[in-house]
Every structure is written in C-alpha cells, then in structure tokens.
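Asker: coords please:
(one chain, ligands or ions: 1)
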Amino acid sequence: MAVGIFDSGLGGLTVLEAARKRLPEVPFVYFGDNLHAPYGVRDSDDIFGLTCSAVSRMWDEGCDLVILACNTASAAALRRMQESWVPRDKRVLGVFVPLIEALTERQWGDNSPPREVAVKNVALFATPATVASRAFQRELAFRAIGVDVEAQACGGVVDAIEEGDLILAEALVRSHVDALKRKMPTPQAAILGCTHYPLMETVFQDALGADVMVFSQANLVAESLADYLQRHPSMRGTGQEEKYLTTGDPRRVSDRATQFLRREVRFTQA
Ligand code: DGL
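Answerer: Model (predicted):
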C-alpha cells in the first residue's frame, strides 16, 4: 500500500516527514531528482519530462498514487500530466490546493464560488518557475476574491539548501523578504510556496515579523492525503516497503537528508 512522494530534491522530505507522522501505517517511497535540481530555473517542457520519468519509476515501485511534493512541478507540469499522461488507474496530486484551501478557510474539496476571505495581502515566496506560471494566483482566484498577492521569486535558495549551505540560504531568504517588503510593506500572511522553504521557516518568520502568518505545506498536505486515502482506499498501491530513491549521489543525498531530518535516512540509486 505504498504512496509515492516526489520532489526535485530534498524539499519534499518536509512533506514526507509530516505524512509519515500522520499515516504511520503507510509505507512511503520518496524520489528526489537531485541530479536535475533545481527545477525552478527550467522551462515547463523540461520539468514535464523529468517529472514524468520520476513518477513512472514510482509506478514501478508499486505506488498508484504519487504526490508531487514540489510546487514547481505542480505548477509547471501537473495539469498537463493529468490531462494527457497519467493512466486511468493511477493518480498524481499536487501540493497547491491544500495550502490555498487553508488560506481561504475552506474544507477539502469545497467547490463553491469564490468569496471574500479575511486575509487580503498575501506574500508568495516560490521558485522562479512557480512564480512565472502564476498557478498559485489562478488556483486562488477559483476560491477567493479581493486578495492581493505579491510574489517573490527566490532565486538561489533551493541551490543553497541542496548544497547544504544554510548560511547562504539564510542570507538569500532575508534579502528576498526585504525585496518583497519593498513591494508589499505589510503582508498579513506569507505562503512558503516551495517545499524546500520550510527548512528555513524560522528565518522567514523572523525576517517577516511575528505578526505575519506563515503558511507552509507539510502538515496541510499530510492532512489532505489522509483524507484522500480515506475516501479512495483503492489508491494505496501494492508496494510494501519504505524507500528513498535519488538520481543524485546516494551518499551525499543521504548525509544531507539525515542532517535536515535529524534521523538516519539512507537513499539508494533510482
Ligand atoms: N521543492 C521544489 C518546490 O517545491 C523546489 C523546486 C526546484 O527544484 O527549484 O518548488
């Protein structure tokens, strides 16, 4: 009954960790495409091709359901995959919708017309490809009216985290928050629209100030996955084993993952 969790690199581990806690009986297969990270500077054809090949690998591991724990792939490839590529007996889900439902105070799957919500000024921090796709604004517009979104493309942050250079990552986060605040001085809420960014969440919160509500995806996605599996128990695939696959150097990736998660994680070659 394995479920796949995919990211371009290490960021999806933030979602994996929350999902493992929420669903301890489910074996997860994690796939990090570390060789090709970051995705955020690639074009959408490239992101589509890489994401499809990673997801195919997870079908082979007995996962019928794969979560794209990568906003960039969710923004640039998910819709095309669902419309033209995913077989009828498989599912691929993204990470945007649970976040937007939380921001707009909706229950899962509430498809009623867009309405006014409490939060009016939202800062979105994401990769250049996610920002360019405007997928977040599009999904938000289906659910809420009158929300002003200011997006900041956070170049360099994913690379620094993948390299394990957290000092550089912190400096970049602070400078991206400053840049955002020049465009929107008093956001009420901030969205961490990249699954790598929760690894820097305290820095975002500190730079934004304590009165800004910071939304990140891990727990929201885990909760909506639990709800989905309850409604679609047949989407638990045949895989039985927890696995960590990477296209990068397994030793290097394992060391970084162990450092981030503060528990021993062993990746093998995808
Ligand atoms: N964690 C990915 C995301 O959520 C990072 C994308 C990248 O590789 O640039 O967008």
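Asker: R236 contacts R91, doesn't it?
Answerer: No - R236 lies out of contact with R91 (Cβ atoms under 8 Å); the separation is 11.0 Å. All C-beta atoms are positioned from the backbone trio N, CA, C, and that covers glycine.
Asker: So for those two, which residues contact both of them?
Answerer: D64, L65 (Cβ atoms under 8 Å, 6 or more residues apart in numbering).
Asker: Near S254, how many other residues are there?
Answerer: Applying other Cβ atoms under 10 Å, we find 18 residues neighbouring S254.
Asker: could you measure it against A54, distance?
Answerer: 18 Å (Cβ to Cβ, to the nearest Å).
Asker: can you give me the strands in the stretch 51-200 of the chain?
Answerer: In the stretch 51-200 of the chain, strands defined by DSSP state E, counting those that start in this stretch lie at 65-68, 91-93, 115-116, 121-126, 144-145, 148-153, 189-192, listed in chain order.
Asker: looking at the ones you listed, which is closest to the ligand?
Answerer: Nearest to the ligand among the strands of the stretch 51-200 of the chain is strand 121-126; the distance by Cβ to the nearest ligand atom comes to 6.5 Å.
Asker: circling back to that earlier point, got a markdown table for the strands of the stretch 51-200 of the chain, with mean neighbour count too?
Answerer: Converted to a markdown table, these look like this (neighbours: other Cβ atoms under 10 Å):
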| stretch | mean neighbour count |
| --- | --- |
| strand 65-68 | 26 |
| strand 91-93 | 20 |
| strand 115-116 | 11 |
| strand 121-126 | 24 |
| strand 144-145 | 17 |
| strand 148-153 | 18 |
| strand 189-192 | 25 |
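Asker: Select, out of those strands, the one closest to V26.
Answerer: strand 65-68 (10.1 Å; Cβ to Cβ).
Asker: Quickly run through the sheet partners of the closest one, with directions.
Answerer: Strand 65-68 sits in its sheet next to strand 3-7 (parallel), strand 91-93 (parallel), going by DSSP bridges.
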